[in-house]
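**Student:** Could you look at this predicted model? Sequence included:
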Amino acid sequence: MGETPFFALSLVLTAAILHAVWNALIKGASDRLLTLGLIASGHVMVGVALIVLYAPPAPAAWPYIAASTVIHFFYYWFLLNSYRLGDLSHVYPISRGIAPVLISLGAVLFAGENLAPAAWGAVFVVSFGIIILAWGGGRDGMGTKALGAALLTGTMIATYSVVDGIGVRVSGSPLGYIGWLFFFEIYVAGFILWRQRAKLSTLPARTWGLGVLGGLLSAAAYGLVIFAKNIAPFGAVSAVRESSVIVAALIGVLIFGERPWAKRLVAALIVVAGIVLLIIFS
């Protein structure tokens, strides 16, 4: 194997870790709403830099940027509620795990594509892992509201993934597309920070720092995956990217002390295995 696959692998693994970490920052924040607003602000900063450095996207891409901006607003809302209602090691594997399944099913229902029998088997493997995570009551399981929020978060992930996938392809300037997409998160940042403006003057410096850091980590994670797809097969990149499910489960268990740890880690591994099989056989 040459240097390029190893380089791409290192990029995607780094992106997976960064993605899990910024989600953990939201989960562990004392004020999750303000932290999310600051994360969106970090995206805006990166967006401005990309807009300055790269050509704007083609006119055909702007409707997709607009649609994705609206979808991301709802994504952040459901993500915030997911972490308010459930544990990181529950919510993250479910929301990330259900997204590839929904994308595959959407391709069957709306694009006339067919899934191979092995791919349908992979869908059931992912579903089985999610059922394990959701099963039970009390601390061993998750409530209906948390499960619903996690599933809706995954639905938003699947939706913006499809929209941005098409938008980037017609943009003629992938990094310009990402730049404007990040910049328009100024609406999310502005909405949250305006609603919470009374708290801003007393917000600890640590919260400011963690929020902006989370935004930079999130933007870097997205950028690394996009770059890796330019030098490595899409399927391989997507499969490795979902290792973030395991990283998030480990953070939840080791950092936040979420229990029972064995069941959650096994379920996360099952979800990742199903996603990898789905990518291979789709």
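**Tutor:** Structure's in. What do you need? Remember, predicted model here, so these are calculated numbers, not experimental data.
**Student:** next SSE after the helix or strand bottoming out on mean pLDDT in the chain?
**Tutor:** None of the helices or strands of the chain scores lower by mean pLDDT, DSSP states H and E than helix 234-241, at a mean of 71. Next helix or strand after helix 234-241 toward the C-terminus (DSSP states H and E): helix 244-254.
**Student:** Distance from the chain centre to that next one, please.
**Tutor:** 14 Å (CA atoms, centre = their mean, to the nearest Å).
**Student:** same check, this time on stretch 101-109
**Tutor:** With CA atoms, centre = their mean, you get 18 Å for stretch 101-109.
**Student:** So what touches it?
**Tutor:** 113-115, 119, 123, 126-127, 154-155, 158, 161-162, 278, 282 (CB atoms under 8 Å, 6 or more residues apart in numbering). From N, CA and C alone the C-beta is placed, and that goes for glycine too.
**Student:** In TSV: those residues, plus neighbour count.
**Tutor:** Shown next, in TSV, are the contacts of stretch 101-109 (neighbours: other CB atoms under 10 Å):
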residue	neighbour count
E113	12
N114	9
L115	17
A119	17
V123	21
V126	27
S127	16
G154	25
T155	18
A158	21
S161	17
V162	21
L278	26
S282	19
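**Student:** Just checking: the least confident one among these is which?
**Tutor:** Among the contacts of stretch 101-109, S282 carries the weakest pLDDT, at 68.
**Student:** coming back round to it: would you mind giving the contacts of stretch 101-109 as a markdown table with distance to A58 and secondary structure added?
**Tutor:** What follows is the contacts of stretch 101-109, written out as a markdown table (distance: CB to CB, whole Å; DSSP: H, G, I helix; E, B strand; the rest coil):
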| residue | distance to A58 | secondary structure |
| --- | --- | --- |
| E113 | 26 | coil |
| N114 | 31 | coil |
| L115 | 32 | coil |
| A119 | 33 | helix |
| V123 | 35 | helix |
| V126 | 35 | helix |
| S127 | 38 | helix |
| G154 | 30 | helix |
| T155 | 28 | helix |
| A158 | 25 | helix |
| S161 | 20 | helix |
| V162 | 19 | helix |
| L278 | 31 | helix |
| S282 | 28 | coil |
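**Student:** what's the closest of those to R195?
**Tutor:** Nearest to R195, judged by CB to CB, of the contacts of stretch 101-109 is T155 at 24.5 Å.
**Student:** Could you pull up the residues touching that closest one?
**Tutor:** T155 sits next to 98-99, 102 when contact means CB under 8 Å, 6+ apart.
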